[in-house]
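Asker: pasted the sequence and its predicted model underneath.
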Amino acid sequence: MEREAPDGVTGCVQQLNRRVCVKCGRAADSCYCHLIVSLNNCFVPVVILRHSDEVKKPLGTARIAKLSLTHCQLIDGVDYSDSLEFQSLINRAEPARLALLYPGINATPLQPLNLDQMKARVEGGDNCGDFTLIVVDGTWRNTREILLANPILQSIPKVTMSFPVSRYTVRKGPAEECVSTIEALAYSLDYLYSGQGAFLRLLDAFDYMVDYQIKRMGQEVFARNYLK
Ligand SMILES: [Zn+2]
C-alpha cells in the first residue's frame, strides 16, 4: 500500500516492493531531485494544463517544471469547465496578459522581455508577471483534445518559437520539431529572459531521467525501438 506524504516533504515512502520519492514520484534509484534547482520566473508565471492521461506517466516532464519554477501552476484534466483553478486563470487577467505556447499559423514568435523595464516596474510596485505563459501537456492528440474541449483557449493569443531537436529520445513524437513540455518551457523561458541560460537548468533533471531510462532498457532495446 502507498502511504501519502505531505507535499514538499523530501524522502521516500515504501510503495509495495519499492521505495518511491515523495517529491518527484519516481522510484528511489531513479529520483532526479538532486538536480532540481529553484528558478525564479516571476516575470513569466507558468500554468501547465496537463492532460489526465499524462498524470500517471512515469516519464512525464511537467512535474520537473512544477518542482523547479517558483511560479508554476499545474492543472490536471481535459475539459476544464468545472475547474475553479482554470476559471480563475481565465478570469484573473485580460486575454492579452495570457499567452498560449502552441504552434500554428496564428501564433506570434516569442520576443525576449525587456528585463530592465520589468525590474523597474516591479520596483515601482507593479505586479511581477508581465504575462502568464500557458502550456498544454500531453501527446499531440491530447493537446488537441484539450483545445477542443476548452474553446476559451482559442481566444488566448498563441506564441511560439523554433525549438532545437528534442532530447526526449525515449518517447516518439510525430515530428522532429516536437519537444517535451519541459524542453518547451526551458527554451521559451530562456529566450524570454534573453538567453541567460538559467532556465536551461530545467533540462538537468530531464536529461538524467532520459539517460536513466535508456540505461534501464539497455542500448540494444533503445537502438531498436527509438533510433532511426
Ligand atoms: Zn525525487
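Answerer: Right, received. Where do you want to start?
Asker: need the per-residue pLDDT for residue 51.
Answerer: You'll see residue 51 listed with a pLDDT of 97.
Asker: and stretch 150-161, average pLDDT?
Answerer: For stretch 150-161, mean pLDDT is 93.
Asker: cool, stretch 73-87 as well?
Answerer: 95.
Asker: just the CA trace of it, in CSV.
Answerer: The C-alpha coordinates for stretch 73-87 follow below in CSV (Å, rounded to 0.1, in the frame of the first residue of the first chain):
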residue,chain,number,x,y,z
GLN,A,73,0.6,26.1,-11.5
LEU,A,74,-0.3,22.5,-12.6
ILE,A,75,-3.9,21.9,-13.5
ASP,A,76,-4.9,18.4,-14.5
GLY,A,77,-7.8,17.4,-16.7
VAL,A,78,-9.3,17.6,-20.2
ASP,A,79,-12.5,19.6,-20.0
TYR,A,80,-11.7,22.4,-17.5
SER,A,81,-15.2,23.9,-17.5
ASP,A,82,-15.7,22.7,-13.9
SER,A,83,-12.2,23.6,-12.8
LEU,A,84,-12.1,26.5,-10.4
GLU,A,85,-8.4,26.9,-10.9
PHE,A,86,-8.8,27.1,-14.7
GLN,A,87,-11.7,29.6,-14.4
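Asker: how far away from the center of its chain is it?
Answerer: Relative to the mean C-alpha coordinate of its chain, stretch 73-87 is positioned 16 Å out (CA atoms, centre = their mean, to the nearest Å).
Asker: make residue 1 into 35 and carry on from there
Answerer: Sure, I'll start numbering at 35, so the last one becomes stretch 107-121.
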